[in-house]
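1. mind looking at a prediction? Sequence and model below.
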Amino acid sequence: MPLRLEPAVQYKRLIKRTLISAMRAVFSNEYPDPQLKGLHVSTSYPLKREDFPAVVISYDEGSVKNAGVSHEEYLETVDGFVIPAKHFMFEGSITFKCLALSPLDIDILTDSVAELLAFGRLDSLLNKLFDAVYVDVPDTAQITFYSDYLDAVGDSVMETAWGSEDGLVYQNGYRIRCSGGFYNAIKEGDVSQYIEDILIYGNQPFEEEQELLTELFGRNSSNPYYVRGRAVVSSF
């Protein structure tokens, strides 16, 4: 069995990483409310008092399916090779869980998140969230979220992680629907991954070509005019 040269395809990680990075860009030192400058945004609950207020982002998976019946597309890599690829679509929901240490702080934070999701496109700073999702994602992925409808996750209270006797963590937030697509992982920058079968022969020496193919495939025949490897040849 051949060794896997690439990590697993990025799908859930791409959604979470994109939104975390975008939220941090919005709640930066430019954000007008000093209490929310440098807001803690993560996929895990904060454990220290100084990390509050915070937003925890989670993705709740719905369905993952092929973009069509036996659907297959052909993509051109940066190397100029055209290779077959699978395109899958996903649906789910994204939750922005807001955490704060007082009822007033949780209201301020949830108001700010609601403003971001509902009206973010109208402001250059808040629009960084939408730019990250619709402009900055890789060409091999698509993310769409539906911020015209915000589903409130409801109020709740929990004890602090640091065991404060009189401290509580107040929670609220919003959930929005999300959909998009992704392709199988494609390793770029290495021609040998596209190699399956190739036969090169001739009646003239071609030392440079033989040397290159030997480097790629690690083997060649004793005949200097004959090199055998494996390759997929594709074109438009």
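-> Alright, I've got the coordinates.
2. just the helices from the protein, written as ranges.
-> Counting by DSSP state H, the segments of the chain that form helices are 12-26, 103-119, 128-134, 207-217.
3. just so I know, which of the ones you listed lies nearest Ser164?
-> Relative to Ser164, the nearest member of those by Cβ to Cβ is helix 103-119, separated by 15.0 Å. Placement of C-beta: from N, CA and C, glycine included.
4. okay, strands next: where are they in the chain?
-> With DSSP state E as the criterion, the chain has strands at 40-42, 54-66, 73-76, 82-85, 87-100, 141-152, 156-159, 168-183, 198-201, 226-229.
5. okay, those in TSV with mean pLDDT, distance to Val113 and mean neighbour count next?
-> As requested, the strands of the chain are exported to TSV (pLDDT from 0 to 100; distance: least, Cβ to Cβ, whole Å; neighbours: other Cβ atoms under 10 Å):
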stretch	mean pLDDT	distance to Val113	mean neighbour count
strand 40-42	94	10	18
strand 54-66	89	7	15
strand 73-76	68	36	12
strand 82-85	72	36	14
strand 87-100	91	5	19
strand 141-152	87	9	15
strand 156-159	90	16	11
strand 168-183	90	6	19
strand 198-201	51	55	13
strand 226-229	46	55	17
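6. dump those strands to TSV, plus distance to Ala132.
-> Compiled in TSV, those are given as follows (distance: least, Cβ to Cβ, whole Å):
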stretch	distance to Ala132
strand 40-42	12
strand 54-66	13
strand 73-76	23
strand 82-85	24
strand 87-100	13
strand 141-152	9
strand 156-159	29
strand 168-183	13
strand 198-201	42
strand 226-229	42
